[in-house]
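# Here's my sequence, what's the structure:
(3 chains)
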Amino acid sequence: MAGFSISPVSDGVVVAELDRGPENLWTLADLRELTALLTSPPEGAHVLRVRSVGEAFCLGRERGGTSTAPGVVRGEAETLVAVTRAFRNTRLVTVAEVQGDAAGFGVGVLAACDVAVGVADARIFFPEVGIGLAPALVLAWLPRKIGERQAFWLTATGEKITAARATELGLLNAVVGSAEELRKDVDERVALLRARSPRVHADIRDMLRAFGAVGDDQALDMSIDRLVVGSLRRGET
Amino acid sequence: MAGFSISPVSDGVVVAELDRGPENLWTLADLRELTALLTSPPEGAHVLRVRSVGEAFCLGRERGGTSTAPGVVRGEAETLVAVTRAFRNTRLVTVAEVQGDAAGFGVGVLAACDVAVGVADARIFFPEVGIGLAPALVLAWLPRKIGERQAFWLTATGEKITAARATELGLLNAVVGSAEELRKDVDERVALLRARSPRVHADIRDMLRAFGAVGDDQALDMSIDRLVVGSLRRGET
Amino acid sequence: MAGFSISPVSDGVVVAELDRGPENLWTLADLRELTALLTSPPEGAHVLRVRSVGEAFCLGRERGGTSTAPGVVRGEAETLVAVTRAFRNTRLVTVAEVQGDAAGFGVGVLAACDVAVGVADARIFFPEVGIGLAPALVLAWLPRKIGERQAFWLTATGEKITAARATELGLLNAVVGSAEELRKDVDERVALLRARSPRVHADIRDMLRAFGAVGDDQALDMSIDRLVVGSLRRGET
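Numbers count the residues shown, from 1 in each chain, chains lettered A, B, ... in the order given. Presented below is the predicted three-dimensional model:
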């Protein structure tokens, strides 16, 4: 079904699928729906697959027409940040299937997923400089993932990189040859994840977030309490 | 000699050797002994080689039986964190010889060493998810070394990676073909280190720790004092 | 012209060229001139090319004779930190052409540039340990770029690495075969940069600095304001 759709839970897996034509731009309504899903997942959901129908994975988000009213622009920015933050805070394990080009906020979505696999002919790029914008949201996360040198070059020039290069840089877990291999590879990864405990996965995600926000020494201190609590909770499912 | 042994200092080098059967699990007593060595090294010690006898480098630490009394569990957690911290604070240069598989806390030890080399057929993995645990101590250091994406995947699935992949990810300095090459490679690295000043090495380790705990700008400020003090101390051995 | 020279602005580009014999050591006066250029660039300047004439790119900075008076030593340290900081704060886009070996503070200059390309036979190293010094300023930035493990090894041993390895580690954007290819490659990169807005580039550099100084969550918060301001300023050149 064209547009943005969210599947029912099946064997612990939810599928969020974008089907909005050749550019697969997210609408703000889509992003609010995705945020709600991440924030309040349905009962029994463990893994969320994020995928797209068509040529592009996602070339960004639909720009709000020609309005430059500060209130409108701010509302858009807040929606983009909210979904980025929801990916960080969700208890779901998120997996992106990157079957085609990803640009701007579309790269933000795959980078926000816990796991991301791309097809070899997908291109990754940040086109904002071409329309006179520094991509502020991209710059809030990209240098932490790939380093300042690469983040500067990609955002300052808009250069397109291959999925293979994106994998080297750590934006993707792996690159595969074709859309068919992509589906198969992600099926296998989801099976590996489903064989493990959703509770442990939620704990891992929670610790990544908590330890990432503090220094090395404090992370070590915090790990003591987590070790104790984890050991005592092992009986739970 | 089976068990855990610490050699006398010879030409500035101490060897800590683990020989505890097929899994080479650290006991808590071993770890306390290792912590004491790192915290108060013997006179004249410059480099510590950490190595193992047998098939595995180290598959973790001995679990404290079936006790889940919070006090016991906390004591174990504190011992693990203490040795991790002792590796950070020691004035010794630490070198790990990874002759076989490393898992869980065993990976923590090699990652904590300043230098680590592995044989090609060694496998590195985090098996805790298989026993219903999020590896809290691992998550306190792993994402800082290899990034959140890789840290999530390895701890969420328990997937085993090769020493070559661990080298790409920055967990090892290098990978070699065989146990014989490993000994030779580490001998050469120790010789390179021994040709340099123990005092300068201790200063480098101290600055890595001090500058790592602060932001970019503050690290630059702090470097001024360190430059001055270092220049004035050059005459010392 | 031998010594250190700064070209007039031509098509938005300034060239800073070092020509100080076989080692191409920066003098403190050169560094103060470079700091002034970065801090107060001439009207119309967008890109700064930093390059050298001769065999070496730069093997460091001229040591202040035999003076070890604390005041002199501190003044030197402050000058080195000032130019490092000026690279971070300038509104120019900085591009290093590394046509030969780089050592110590010479590596600091190329690493501080937004873009850096090296020829294959250039060697990168930190020789300070050989004269009984821990390179404090290097240690303030190097581990943030290449990780603590690599930073320790390179500063503790003085080992020379190839430009190819430096590219893998993220110190260079790319490596090319010869001095001729280097000039051509950098010409092309400068053309790509010149095709984009100097204002957007200054914004990108400013955000990299601002977001890098805070945690993940705060960077997301800050990006909202930046997105709004950026959208409203798109009309400007």
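
# helices and strands around the longest helix along chain A, which ones?
Scanning chain A for the longest helix, with DSSP state H as the assignment, gives helix A:70-89. On a contact count with 3 or more CB pairs under 8 Å, 6 or more residues apart in numbering or on different chains; DSSP states H and E, helix A:70-89 meets helix A:28-39, helix A:105-112, helix A:136-146, helix C:216-232. C-betas here are computed from N, CA, C, even on glycine.

# how about low-confidence regions in chain A?
A:1, A:64-68, A:235-237 (pLDDT under 70).

# Show me what from chain A comes close to chain C.
Taking CB under 8 Å from any CB of the partner chain as the contact definition, chain A meets chain C at A:68, A:70, A:73-74, A:76-78, A:80-81, A:84-85, A:88, A:129-134, A:136-137, A:139-141, A:143-144, A:147-153, A:155-159, A:212-213.

# Are any of these buried, and if so which?
Buried subset of the residues of chain A next to chain C (neighbour count, 16 or more other CB atoms under 10 Å in any protein chain shown): A:73, A:76-77, A:80-81, A:84-85, A:88, A:129, A:132-134, A:136-137, A:139-141, A:143-144, A:147-153, A:155-158, A:212.

# The helix or strand containing A:Ala156 close to chain B?
Assigned by DSSP states H and E, A:Ala156 belongs to helix A:148-157. No: using CB under 8 Å from any CB, we find that helix A:148-157 stays clear of chain B, coming within 9.8 Å at best.

# Can you show me the CA trace of that helix as PDB?
Once non-C-alpha atoms are left out, helix A:148-157 reads as follows in PDB (Å, rounded to 0.1, in the frame of the first residue of the first chain):
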ATOM      1  CA  GLU A 148      35.000  15.200  11.900                       C
ATOM      2  CA  ARG A 149      37.300  15.000   8.800                       C
ATOM      3  CA  GLN A 150      34.900  12.800   6.900                       C
ATOM      4  CA  ALA A 151      31.800  14.600   8.200                       C
ATOM      5  CA  PHE A 152      33.200  17.900   7.000                       C
ATOM      6  CA  TRP A 153      34.000  16.700   3.500                       C
ATOM      7  CA  LEU A 154      30.700  14.900   3.000                       C
ATOM      8  CA  THR A 155      28.500  17.800   4.200                       C
ATOM      9  CA  ALA A 156      30.800  20.600   2.600                       C
ATOM     10  CA  THR A 157      30.800  19.100  -0.900                       C
END
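
# Name the surrounding residues that touch that helix.
Contact with helix A:148-157 is made by A:125-126, A:128-129, A:134-135, A:138-139, A:142-143, A:146, A:159, A:161, A:169, C:93, C:114-116, C:145, C:170, C:173, C:192-193, C:196, C:200-201, C:204-205, C:208, C:212, as judged by CB atoms under 8 Å, 6 or more residues apart in numbering or on different chains.

# Of the residues you listed, grab the buried ones for ChimeraX.
Selection of buried members from the contacts of helix A:148-157 for ChimeraX, criterion 16+ other CB under 10 Å:
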select /A:125,126,128,129,134,135,138,139,142,143,146,161,169 /C:93,114,115,116,170,173,193,196,200,201,204,205,208,212
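
# what residues does chain A put near chain B?
A:93, A:114-116, A:145, A:170, A:173, A:192-193, A:196-197, A:199-201, A:203-205, A:207-208, A:211-212, A:215-217, A:219-224, A:226-228, A:230-232, A:234, A:236.

# If we use 6 Å, what do you get?
Within chain A, the residues that sit near chain B (CB under 6 Å from any CB of the partner chain) are A:114, A:170, A:192, A:196-197, A:200-201, A:203-204, A:207-208, A:211, A:215, A:219-220, A:223-224, A:226-228, A:230-232, A:234.

# Identify whichever of the helices and strands packed on helix A:70-89 lies nearest to B:Ser7.
Each of those has some distance to B:Ser7 by CB to CB; the shortest is helix A:136-146, at 42.2 Å.

# Would you mind finding the most buried of the helices and strands packed on helix A:70-89?
Greatest average neighbour count among the helices and strands packed on helix A:70-89 goes to helix A:105-112 (a mean of 25), per mean count of other CB atoms under 10 Å in any protein chain shown.

# In terms of secondary structure, what does it contact?
Using 3 or more CB pairs under 6 Å, 6 or more residues apart in numbering or on different chains; DSSP states H and E as the contact test, no helix or strand touches helix A:105-112.

# just the angle between that helix and helix A:70-89, please?
Relative orientation of helix A:105-112 versus helix A:70-89 (axes from the mean of the first three to the mean of the last three CA atoms, to 10 degrees): 20 degrees.

# returning to that earlier point: quick one: distance of the helix holding A:Ala156 to the chain centre.
20 Å (CA atoms, centre = their mean, to the nearest Å).

# tell me the domain ranges of chain A?
With domains defined by automatic domain parsing, chain A comprises A:3-194, A:198-232.

# Using CSV, please lay out those domains together with distance to B:Leu182.
Shown next, in CSV, are the domains of chain A (distance: least, CB to CB, whole Å):
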stretch, distance to B:Leu182
domain A:3-194, 27
domain A:198-232, 29
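
# Out of those domains, which gets nearest to B:Asp121?
Closest approach to B:Asp121 among those (CB to CB): domain A:3-194, 22.5 Å.

# distance between the ends of the closest one?
Distance across domain A:3-194, first residue to last, is 28 Å (CA to CA, to the nearest Å).

# next SSE after the helix holding A:Ala156?
Next in sequence after helix A:148-157, counting helices and strands by DSSP H and E, comes strand A:161-162.

# re the thing from before, could you dump the helices and strands packed on helix A:70-89 into a markdown table with distance to C:Glu181 added?
Shown next, in a markdown table, are the helices and strands packed on helix A:70-89 (distance: least, CB to CB, whole Å):
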| stretch | distance to C:Glu181 |
| --- | --- |
| helix A:28-39 | 45 |
| helix A:105-112 | 30 |
| helix A:136-146 | 25 |
| helix C:216-232 | 36 |
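
# coming back round to it: which residues touch the longest helix of chain A?
A:28, A:31, A:34-35, A:38-39, A:64, A:112, A:137, C:220, C:224, C:227-228, C:231 (CB atoms under 6 Å, 6 or more residues apart in numbering or on different chains).

# how far out from the middle of the chain is the helix or strand just after it?
For helix A:70-89, the succeeding helix or strand toward the C-terminus, using DSSP H and E, is strand A:93-98. Offset of strand A:93-98 from its chain centre (CA atoms, centre = their mean): 7 Å.

# Packing partners of strand A:93-98?
Looks like strand A:93-98 contacts strand A:47-52, strand A:115-119, helix A:179-194 (3+ CB pairs under 6 Å, 6+ apart).

# which one of those is the most hemmed in?
strand A:115-119 (a mean of 25).

# send the alpha carbons of it over as PDB?
Taking C-alpha atoms only, strand A:115-119 is exported to PDB below (Å, rounded to 0.1, in the frame of the first residue of the first chain):
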ATOM      1  CA  VAL A 115      21.600  -2.500  12.500                       C
ATOM      2  CA  ALA A 116      21.800  -1.300   8.800                       C
ATOM      3  CA  VAL A 117      22.600  -3.200   5.600                       C
ATOM      4  CA  GLY A 118      22.800  -1.600   2.200                       C
ATOM      5  CA  VAL A 119      22.900  -2.800  -1.400                       C
END
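
# rewinding a little: so the longest helix of chain A versus helix C:216-232, what angle?
150 degrees.

# so helix A:70-89 versus strand A:93-98, what angle?
Angle, helix A:70-89 to strand A:93-98, by the same axes, to 10 degrees: 110 degrees.

# could you dump the helices and strands packed on strand A:93-98 to JSON lines with distance to A:Gly60?
Conversion of the helices and strands packed on strand A:93-98 to JSON lines gives the following (distance: least, CB to CB, whole Å):
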{"stretch": "strand A:47-52", "distance to A:Gly60": "13"}
{"stretch": "strand A:115-119", "distance to A:Gly60": "17"}
{"stretch": "helix A:179-194", "distance to A:Gly60": "21"}
